[in-house]
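A.B. asks: please work out how this folds:
(one chain, ligands or ions: 1)
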Amino acid sequence: MTAPWIARQTRQLLAQRGHAWLLQGPSGLGQYELALSLVSAWLCEQPTEQGACGHCPSCHAIEVRTHADLAVLMPETQMLELGWPLSEKAQADIDDKKRKPSKDIRVEAMRDLVEFAQRTDARGRGKAVLVFPAERMNTVTANALLKTLEEPAGDVRFALATEASHQLLPTIRSRCQTHTLAWPQQDEAMAWLAGQGMEMPVAQALMRSAGGRPSDVLRQSSAGISPGWWAALPKAMQQGDAAHLSELSPSQAIDALQKLCHDLVLRASGAEPRFFMASQLPACSASVDTLTNWFKRLMQSARTAEHPFNAGLMLEALTNDAQQSLTART
Ligand SMILES: [Zn+2]
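C.D. replies: Here you go, the predicted structure:
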C-alpha cells in the first residue's frame, strides 16, 4: 500500500517534465518509496496521472524485482534489505565468503549501469535508473553516473533518492531537478501505520522517538525498538547497561543516543524534549557544554559506525561515554 503522502508527491512529480529527479530530505520521509513509485509510473504500460497501474506486466516485473528496463543502484547491504537481487558475480562472491556485502555503491555496479544505459529498452517504455541512497557513491562512481546523466543514451530517466544531498557532487545536483520530500500530516501518518498493523499507542510512542518520520517508525519497529525499550533507554544509559543496546547496530545505537543527548540539551535550556517524554529523562546535572561535547563525540563515532572494528566493543564504548556524560557533575 502506497502511503498517501507518497501518492500525492508522485502525482505532483508526474505532472512536471523531468528526466532526472533528485528526491531529497531527512531520513524516514520515504525517499526510496517515492523513487520506486516514480520509476514504476515511468515504465508502466497503462499509467494514469496518479502513477503506475499496479497490475500490468511491467508493474508486475517491478514487484518481483526482475524488470529488464529498470536498473537499481544501491549498496549491496541495502539491496539485500529491500529484496533486490545482486548481480550473479556479486552474489557468488558473497556466497563463497570472498567478501561481505558492500555498504557503498560499488564501481562494478556502476559499470553495469553504463552498459544498461546504452542498451535498447526491452519493453518499449524507455528505461529507468533508481539510485538510493545516492550519497553512497564515491567519487569514481559519482563521476561515472554524471557521465550517463550528461549524455543519456536513448530514453533513460533517473530517480536519485538521498537523505544527505549535501554529500553529493554539486555537478550531480545541478543535473537533476530537485524535489524536497514533504512531511506527512500527523493523522494520515498514524492511519497509515495502523494500516501496517501497528497498534495505536505503539505508533504514537514510536512517532515521537522517530521525530515524526513514519518510515523511520517502521525501521525502528523492525530493529526491535519498542516504546518500552525506548522509555527505558535513558535510565539504562545512566546505569551503564550496555546490554540494553545489544540488539542494535552501532549506527542505530548512535542515532538513539543522539536523540537522548538532543533532548537533554533542550531540557537544560528550559525547552520541551522532542523524542522522549520529560518523565522518561533521568535527573542529570550535566552542563550544556558537557552534553554538547558528548554530541560531538557521537557525530565522530557515526563516521566510523559503518565499519566498526568490533560492534560489541563499540556499543560498550558508546554506553560508557553515555554514562559518564549523564553522571557528570558540572
Ligand atoms: Zn502498470
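A.B. asks: and stretch 114-131, C-alpha only, in PDB?
C.D. replies: As requested, the backbone C-alpha atoms of stretch 114-131 are provided in PDB (Å, rounded to 0.1, in the frame of the first residue of the first chain):
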ATOM      1  CA  VAL A 114      26.800   2.300 -18.100                       C
ATOM      2  CA  GLU A 115      26.100  -0.800 -20.200                       C
ATOM      3  CA  PHE A 116      22.500  -0.700 -19.200                       C
ATOM      4  CA  ALA A 117      22.200   2.900 -20.300                       C
ATOM      5  CA  GLN A 118      23.500   2.000 -23.800                       C
ATOM      6  CA  ARG A 119      21.200  -0.900 -24.400                       C
ATOM      7  CA  THR A 120      17.900  -0.700 -26.200                       C
ATOM      8  CA  ASP A 121      14.900  -0.900 -23.900                       C
ATOM      9  CA  ALA A 122      13.200  -4.400 -23.700                       C
ATOM     10  CA  ARG A 123       9.600  -3.300 -23.200                       C
ATOM     11  CA  GLY A 124       9.300  -0.200 -25.300                       C
ATOM     12  CA  ARG A 125       8.600   2.200 -22.400                       C
ATOM     13  CA  GLY A 126      12.200   3.500 -22.100                       C
ATOM     14  CA  LYS A 127      14.500   2.700 -19.200                       C
ATOM     15  CA  ALA A 128      14.700   3.900 -15.600                       C
ATOM     16  CA  VAL A 129      17.500   4.100 -13.100                       C
ATOM     17  CA  LEU A 130      16.900   4.200  -9.300                       C
ATOM     18  CA  VAL A 131      19.800   5.300  -7.100                       C
END
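A.B. asks: hmm, it in reach of the ion?
C.D. replies: No: Stretch 114-131 stays clear of the ion (CB under 5 Å from the ion), getting no nearer than 9.5 Å. Using the backbone N, CA and C atoms, a C-beta is placed for each residue, glycine as well.
A.B. asks: give me the mean pLDDT for that stretch.
C.D. replies: Across stretch 114-131, pLDDT averages out at 92.
A.B. asks: where does this protein have low pLDDT?
C.D. replies: Within the chain, the ranges that satisfy pLDDT under 70 run 1, 152-153, 308, 330.
A.B. asks: residue contacts, Leu13?
C.D. replies: Listed by CB atoms under 8 Å, 6 or more residues apart in numbering, the contact set of Leu13 reads Trp21, Leu34, Leu38, His179.
A.B. asks: ok, Leu169 next?
C.D. replies: Listed by CB under 8 Å, 6+ apart, the contact partners of Leu169 are Thr139, Ala142, Asn143, Leu146.
A.B. asks: adding secondary structure and neighbour count as columns, could you present those residues in JSON lines?
C.D. replies: Shown next, in JSON lines, are the contacts of Leu169 (DSSP: H, G, I helix; E, B strand; the rest coil; neighbours: other CB atoms under 10 Å):
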{"residue": "Thr139", "secondary structure": "helix", "neighbour count": "8"}
{"residue": "Ala142", "secondary structure": "helix", "neighbour count": "20"}
{"residue": "Asn143", "secondary structure": "helix", "neighbour count": "14"}
{"residue": "Leu146", "secondary structure": "helix", "neighbour count": "16"}
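A.B. asks: what's the farthest-apart pair in those residues?
C.D. replies: Farthest pair in these (CB to CB) is Thr139 and Leu146. Separation: 10.2 Å.
A.B. asks: neighbours of Arg119, just the number please.
C.D. replies: A total of 14 residues lie near Arg119 under the criterion other CB atoms under 10 Å.
A.B. asks: ranges for the strands of the chain?
C.D. replies: Along the chain, the stretches classed as strands by DSSP state E are 20-24, 70-73, 127-131, 156-161, 177-180.
A.B. asks: which one of these lies nearest to Val202?
C.D. replies: Of these, nearest to Val202 by CB to CB is strand 156-161, at 27.3 Å.
A.B. asks: off-centre distance for that closest one?
C.D. replies: Averaging C-alpha positions (CA atoms, centre = their mean, to the nearest Å) puts strand 156-161 17 Å from its chain's average.
A.B. asks: all good on my end, thank you.
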